[in-house]
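Asks: quick one, what's the 3D model for this:
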Amino acid sequence: MASPSGTFDFIIVGGGTAGLVLATRFSESPALGRVLVIEAGEDLTEDPRVNIPAMGAALMANSANWALAAVVQTGLKGRTASVPQGRMLGGSSAFNGFAFMPPSKSTVDMWAKLGNQGWDWSSFSKSMAQAYSAGAQGQGPIQLSIPNEEDWKWPAAWRDTLAGLGYPTTSNPYDNSGSCFGAILVGDSIDPDTKQRSYAGNAYYGQAKSRDSLTVWVGITIEKILFNKNKDNHGRVRAIGVQYKDENGQTKTVTADKEVILAAGAINSPKLLELSGIGDEAQLRLLQIPDIVVHNPFVGENLQNHVMCSLCFEVRPTKDRGYETTDSIIRQEPAALSAAMEAYGRQTGPLARSGTNAIALLPLPGIESEQGKQEILQILEKTVTLPGASAGDGKSRPFLKEQEDFVHRILSSPHEPSGHYITFSGFAVVAADGSIAGPPPGDERYYTIAPSLSHPLSRGSVHVSSASASSAPTIDPNYLSHPLDIEVLARHFQFAASRIASTEPLASHLTRKLGTSSDTTLDDFIHLDKTKEYLRNNATGAVHYVGSCSMMPRELGGVVDSKLRVYGCSNLRVCDASIVPIIPSCNIQATVYGVAEHGASLIMSDYI
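Replies: Next comes the predicted model:
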């Protein structure tokens with residue numbers, strides 16, 4: 001790392017997924033000038049724990065993870081959970097679960113309908129295609145692998161089961177249609193030639209790090225953004241640089257001639273805005289943050305994440321090849337480990353893939369029937385949001401109606417997914433620390449179906465807890481606080497437990513016994529109330545946080561405009577998952593790359 005000093009044209013705060021995309025694109029054009037990326041974590045681009053797909057979980061328990069935690073969740077019976085966030089070059093793309101699933105056209109078009117001109121599907125999908133390559137589709141640095149089904153039969157069993165239930169099985173996530181539905185085979189962000197993780201740290205930064213116009217500092221903690229408070233003709237202040245602590249704990253500053261861009265993620269970007277005096281003035285003064293730059297009570301609000309819960313079925317014994325599970329590997333049985341390592345040497349087998357490739361995006365169960373339509377109408381009438389029903393609603397009431405109407409349209413359509421079903425050939429339960437819990441003792445094998453709520457209406461918040469940059473923020477996802485969310489998730493969970501698991505060919509491979517420490521049985525999920533109770537006791541959040549610096553008009557609850565400029569600032573932008581106003585229906589990795597590519601084009605167009 002070069003000695004921290006000097007002046008740059010652009011300062012990018014955060015060398016994670018979005019930050020390295022921005023840096024790579026900016027440094028392709030020398031006319032933009034000098035680009036500085038400041039990352040709190042280290043450069044682990046040569047670390048095998050990053051590059052070998054099966055080793056990513058080892059990074060959860062060290063300094064490569066911010067290791068944050070949510071407050072106690074009332075909707076989850078007083079439970080809490082960690083909030084994993086990548087703290088290294090590449091950010092969370094260096095240890096995520098690999099799934100590269102583009103958002104739906106309906107969701108992205110809804111972003112545009114909120115007032116974000118240029119963020120419709122037609123425009124956004126073109127930017128996203130610049131981020132990845134999946135065979136002949138896409139044209140970007142992130143390389144995707146589609147698993148070989150010849151030696152792994154579970155995806156075919158899943159697909160044929162969904163076909164038997166009447167759902168389509170031919171959706172291609174990478175055809176830019178934005179209309180994936182039914183059973184889907186999702187690609188991994190794993191290079192098909194090397195079988196190593198393909199992520200922002202190697203696929204983007206790897207090609208840019210030798211450029212003279214790009215400087216990257218690692219191990220540097222940003223304390224706040226610095227401003228010239230003399231307002232321009234539009235009443236906006238100007239960002240002039242950042243204040244940071246160097247490796248020796250000394251406070252220093254670095255200046256930006258053109259722009260400061262926050263790309264610190266959905267948790268840390270709002271934190272840095274508030275530390276810099278941009279947020280709810282009354283709350284910032286309570287924390288003795290001295291300089292209030294812009295009053296905006298929406299900073300840190302509208303935090304969204306998916307809620308999910310696993311069903312781990314015991315698998316019937318079989319000698320058929322291709323129906324192996326990962327349980328013996330996780331239990332570190334010598335023969336299984338040896339076979340898996342030998343297969344990885346041939347660039348195949350369970351260590352060369354995520355194992356979560358076979359998914360489904362399904363509508364609300366029963367919506368295709370007249371009875372089902374009437375039931376959802378009754379549910380929607382009963383769960384219309386009342387004032388104070390969810391944390392933060394009082395601050396963003398105008399947006400709440402827009403989001404609620406959108407979700408209601410999704411739920412009322414037999415062709416729009418409200419449930420995201422993830423499968424895994426092994427025991428897979430998300431533990432409280434964000435890791436995947438291992439299988440119970442014994443020699444049983446498992447197959448997991450984990451329904452997830454695609455479009456939650458529960459919205460939380462993330463805010464600074466003190467005026468110190470070293471203090472962890474207060475994170476409240478507010479899971480299952482909106483009454484509609486538990487109704488929808490419970491019905492998808494019931495559908496997985498009863499209909500999917502009992503339909504051939506999957507039914508021939510699964511027993512009716514669940515891998516759980518409780519005395520819960522599949523029969524319990526016949527009852528809606530028992531299912532809801534089980535979910536409140538066992539569901540957890542994914543790591544798909546978005547929305548805390550939402551892109552939409554200020555009067556709707558926006559923090560940034562459609563050009564990603566922070567309201568009240570002429571040259572401070574945010575470009576990461578935090579700007580996404582409505583969460584996509586599934587994993588957000590592809591969305592974040594798309595946001596970064598689209599944002600890079602928008603910013604560069606102001607200078608070139």
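Asks: just the helices in the stretch 451-600 of the chain please.
Replies: 483-495, 528-538, 589-604 (DSSP state H, counting those that start in this stretch).
Asks: please enumerate the strands of the stretch 401-550 of the chain.
Replies: With strands called from DSSP state E, counting those that start in this stretch, the stretch 401-550 of the chain shows them at 419-424, 429-430, 436-437, 446-453, 461-463, 474-476, 510-514, 540-541.
Asks: nearest to residue 328 among the ones you listed would be which one?
Replies: Residue 328 lies closest, by Cβ to Cβ, to one member of the strands of the stretch 401-550 of the chain: strand 446-453, at 10.9 Å. The way it works is simple: take the backbone N, C-alpha and C, and place the C-beta from them, glycine included.
Asks: export only the CA atoms of the closest one, formatted as PDB.
Replies: C-alpha atoms of strand 446-453 as PDB (Å, rounded to 0.1, in the frame of the first residue of the first chain):
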ATOM      1  CA  TYR A 446     -30.300 -34.900   4.400                       C
ATOM      2  CA  TYR A 447     -31.900 -32.900   1.600                       C
ATOM      3  CA  THR A 448     -32.800 -29.300   2.500                       C
ATOM      4  CA  ILE A 449     -35.600 -27.100   1.100                       C
ATOM      5  CA  ALA A 450     -35.500 -23.600   2.400                       C
ATOM      6  CA  PRO A 451     -38.400 -21.300   1.400                       C
ATOM      7  CA  SER A 452     -37.600 -17.600   1.600                       C
ATOM      8  CA  LEU A 453     -40.000 -14.600   1.500                       C
END
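Asks: show me what that strand is packed against.
Replies: Strand 446-453 sits against strand 307-308, strand 311-315, strand 419-424, helix 483-495, with contacts defined as 3 or more Cβ pairs under 8 Å, 6 or more residues apart in numbering; DSSP states H and E.
Asks: mind checking what secondary structure the nearest residue to residue 366 once chain neighbours are set aside has?
Replies: The shortest distance from residue 366 to any non-neighbouring residue, by Cβ to Cβ, 6 or more residues apart in numbering, is to residue 372 (3.1 Å). What DSSP: H, G, I helix; E, B strand; the rest coil gives for residue 372 is helix.
Asks: look at residue 372 and say how many residues are nearby.
Replies: As a burial measure, residue 372 scores 16 neighbours (other Cβ atoms under 10 Å).
Asks: ditto for residue 72
Replies: 11.
Asks: could you do residue 470 as well?
Replies: Neighbour tally, residue 470, other Cβ under 10 Å: 8.
Asks: next: residue 317.
Replies: 10.
Asks: could you check the pLDDT of it?
Replies: Residue 317 carries a pLDDT value of 92.
Asks: check residue 181 too.
Replies: 95.
Asks: now it: how far from residue 170?
Replies: For residue 181, the distance to residue 170 equals 10 Å [Cβ to Cβ, to the nearest Å].
Asks: neighbour count for the two, which is higher?
Replies: residue 181 (18 against 10).
Asks: surely the more buried one and residue 166 touch.
Replies: No. The criterion here is Cβ atoms under 8 Å, and residue 181 misses it with residue 166 at 11.9 Å.
Asks: turn the helices of the stretch 451-600 of the chain into TSV, columns for mean pLDDT.
Replies: Shown next, in TSV, are the helices of the stretch 451-600 of the chain (pLDDT from 0 to 100):
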stretch	mean pLDDT
helix 483-495	98
helix 528-538	96
helix 589-604	99
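Asks: tell me which of the ones you listed sits nearest to residue 254.
Replies: Nearest of those (Cβ to Cβ): helix 589-604, 19.1 Å.
Asks: and that closest one, what does it pack against?
Replies: Partner elements for helix 589-604 (3+ Cβ pairs under 8 Å, 6+ apart): helix 17-27, helix 121-129.
Asks: list the helices and strands the helix or strand of the chain with the lowest mean pLDDT packs on?
Replies: One helix or strand of the chain scores below all others by mean pLDDT, DSSP states H and E: strand 436-437, with a mean of 75. Where contact means 3+ Cβ pairs under 8 Å, 6+ apart, strand 436-437 is packed against strand 429-430.
Asks: which helices and strands sit right next to the strand it packs on?
Replies: Against strand 429-430 (3+ Cβ pairs under 8 Å, 6+ apart) you get strand 436-437.
Asks: contacts for the strand it packs on?
Replies: 57, 427, 428, 429, 430, 431 (Cβ atoms under 8 Å, 6 or more residues apart in numbering).
Asks: turn the residues you listed into CSV, columns for pLDDT, neighbour count and distance to residue 314.
Replies: What follows is these, written out as CSV (pLDDT from 0 to 100; neighbours: other Cβ atoms under 10 Å; distance: Cβ to Cβ, whole Å):
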residue, pLDDT, neighbour count, distance to residue 314
57, 82, 13, 23
427, 94, 26, 9
428, 92, 25, 14
429, 89, 20, 14
430, 79, 20, 19
431, 70, 13, 20
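Asks: now, which of those residues sits nearest residue 12?
Replies: For these, the nearest to residue 12 is residue 57 (28.1 Å; Cβ to Cβ).
Asks: surely the closest one is in contact with residue 98?
Replies: No. The criterion here is Cβ under 8 Å, and residue 57 misses it with residue 98 at 12.0 Å.
Asks: sorry, back to before: let me know which of the strands of the stretch 401-550 of the chain is the nearest to residue 584.
Replies: Closest to residue 584 of the strands of the stretch 401-550 of the chain, according to Cβ to Cβ: strand 419-424, at 9.4 Å.
Asks: who does that closest one pair up with?
Replies: Strand 419-424 has the following sheet partners, assigned by DSSP bridges: strand 358-362 (antiparallel), strand 446-453 (antiparallel).
Asks: contacting residues around that strand?
Replies: 154, 158, 306, 308, 326, 355-356, 358-365, 447-454, 488-489, 492, 495-496, 500, 585-586.
Asks: ok, the spatially most central residue of the chain - contacts?
Replies: For the chain, the residue sitting closest to the mean C-alpha position, by Cα atoms, centre = their mean, is residue 544 at 2.5 Å. By Cβ under 8 Å, 6+ apart, the contact set of residue 544 is 305, 306, 583, 584, 587, 588.
Asks: backbone dihedrals for the spatially closest residue to residue 599 that is not a sequence neighbour, both of them.
Replies: Setting aside the residues directly before and after it, residue 599 is nearest to residue 575 in space (Cβ to Cβ, 6+ apart), at 3.8 Å. Dihedral angles of residue 575 (phi, psi; degrees, to the nearest 10) stand at phi -140, psi 90.
Asks: residue 575 and residue 564 touch, don't they?
Replies: Yes. With contact defined as Cβ under 8 Å, residue 575 counts as touching residue 564 (5.3 Å).
Asks: mutual contacts of the two, please.
Replies: Counting by Cβ under 8 Å, 6+ apart, the residues touching both residue 575 and residue 564 are 261, 599, 603.
Asks: name whatever forms a beta bridge with the first one.
Replies: Residues in a beta bridge with residue 261, per DSSP bridges, are residue 12, residue 573.
Asks: how far away is it from residue 209?
Replies: 19 Å.
Asks: quick one, which of those two is more surrounded?
Replies: When neighbours are counted by other Cβ under 10 Å, residue 261 and residue 209 differ, and residue 261 comes out ahead with 30 against 18.
Asks: state the phi and psi torsions of the closest residue to residue 28 other than its chain neighbours.
Replies: In space, residue 28 comes closest to residue 208 once its chain neighbours are excluded; the distance is 7.7 Å by Cβ to Cβ, 6+ apart. Per-residue torsions, residue 208: phi -110, psi -20 (degrees, to the nearest 10).
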